[in-house]
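# My questions are about this predicted structure, shown below with the sequence.
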Amino acid sequence: MTSYAITPASEVTVPVVGSNTVFPVRRIYCVGRNYAEHAREMGADPNREPPFFFSKPRDAIVAGGGAIPFPPATTNLQHEVELVVAIGKGGLDIPESSALAHVYGYATGIDFTRRDLQILAREKQHPWELGKGMDNGAPVSPIIPVSISMPTDSALIWLKVNGETRQSAHLDQMTWNVAEVISRLSHFFALAPGDLIFTGTPGGVSTVIRGDVITCGIDGLPELGVTLT
Ligand code: MN
């Protein structure tokens, strides 16, 4: 039996709707600028450039949302509501035509961003970890398995701060759809069961402060709520 030198970190899991099982998270991948309106508001080219990717640490997950501490070292924390894809079957160089067969289920997530640190990193051509990889930076709703239901292309994706709508779009406004994202990401990494992919945010990202209540959702998926404390 293994004897650990220190106490090992705990498993990161997300509840699964309609069962007593939980989904064990392996890695978190994220897509940058996958809606034209968000690319525009970030001062980037809204045209169809190849998708680009970054990662968050898996223990940034806050399963089911709730109260989370306002992160340190930022004066410009922003919300990004995103469709989250949960991978159930791995693979390398997955063709688009079979990519959706690798999906276990879907959830609603928030890619919290320390925008001041991200923009500074962008200007200095530094990595994005300080802006994107902070603790509690990836709240995610319970996962709905595709065997139960799937969001439609026309599903509304929305986010409110203190009851006021900030982000509102439809999933078919994604520049790269889920099959294309899986296929392209799997060109760079062997995907494996347990991977989560945050698929990018629509326009309307805005700054949030301590005390704000953020609610978000996607038609057909569980809602997610977060309070910054
Ligand atoms: Mn994002």
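Yep, it's here.
# residues from the protein in reach of the ion?
Taking Cβ under 5 Å from the ion, the part of the chain that reaches the ion is made up of Glu80, Asp111, Thr201. From N, CA and C alone the C-beta is placed, and that goes for glycine too.
# and those residues as JSON lines, adding distance to Gly88, neighbour count and pLDDT?
Shown next, in JSON lines, are those (distance: Cβ to Cβ, whole Å; neighbours: other Cβ atoms under 10 Å; pLDDT from 0 to 100):
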{"residue": "Glu80", "distance to Gly88": "24", "neighbour count": "22", "pLDDT": "98"}
{"residue": "Asp111", "distance to Gly88": "22", "neighbour count": "27", "pLDDT": "98"}
{"residue": "Thr201", "distance to Gly88": "24", "neighbour count": "31", "pLDDT": "98"}
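# In this protein, which residue sits nearest the ion?
Closest residue of the chain to the ion, Cβ to the ion: Asp111 (3.5 Å).
# coming back round to it: could the residues of the chain next to the ion go into a markdown table alongside secondary structure?
Conversion of the residues of the chain next to the ion to a markdown table gives the following (DSSP: H, G, I helix; E, B strand; the rest coil):
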| residue | secondary structure |
| --- | --- |
| Glu80 | coil |
| Asp111 | coil |
| Thr201 | coil |
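# nearest to Gly66, of those residues?
Comparing the residues of the chain next to the ion against Gly66 with Cβ to Cβ picks out Asp111 as the nearest, at 17.2 Å.
# any idea how far Ser147 is from the closest one?
With distances taken as Cβ to Cβ, to the nearest Å, Asp111 is found 26 Å from Ser147.
# didn't the residue of the chain closest to the ion look like it was pressed against Ala138?
Yes. Applying Cβ atoms under 8 Å as the test, Asp111 and Ala138 come out as touching, 6.7 Å apart.
# Look at Asp116 and give its secondary structure.
At Asp116 the chain is in helix, as set by three-state DSSP.
# Quick check: phi and psi on the residue minimising distance to the centre of the chain?
To find the centre residue of the chain, average its C-alpha atoms and take the closest one (Cα atoms, centre = their mean): that gives Phe198, at 3.0 Å. Note on Phe198: backbone dihedrals following degrees, to the nearest 10 are phi -80, psi 120.
# Now for it: which residues touch it?
Ile28, Tyr29, Cys30, Val31, Lys56, Glu82, Leu83, Val84, Gly109, Asp111, Ala138 (Cβ atoms under 8 Å, 6 or more residues apart in numbering).
# Present the residues you listed as CSV; the columns should include secondary structure.
Conversion of the contacts of Phe198 to CSV gives the following (three-state DSSP):
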residue, secondary structure
Ile28, strand
Tyr29, strand
Cys30, strand
Val31, strand
Lys56, strand
Glu82, strand
Leu83, strand
Val84, strand
Gly109, strand
Asp111, coil
Ala138, strand
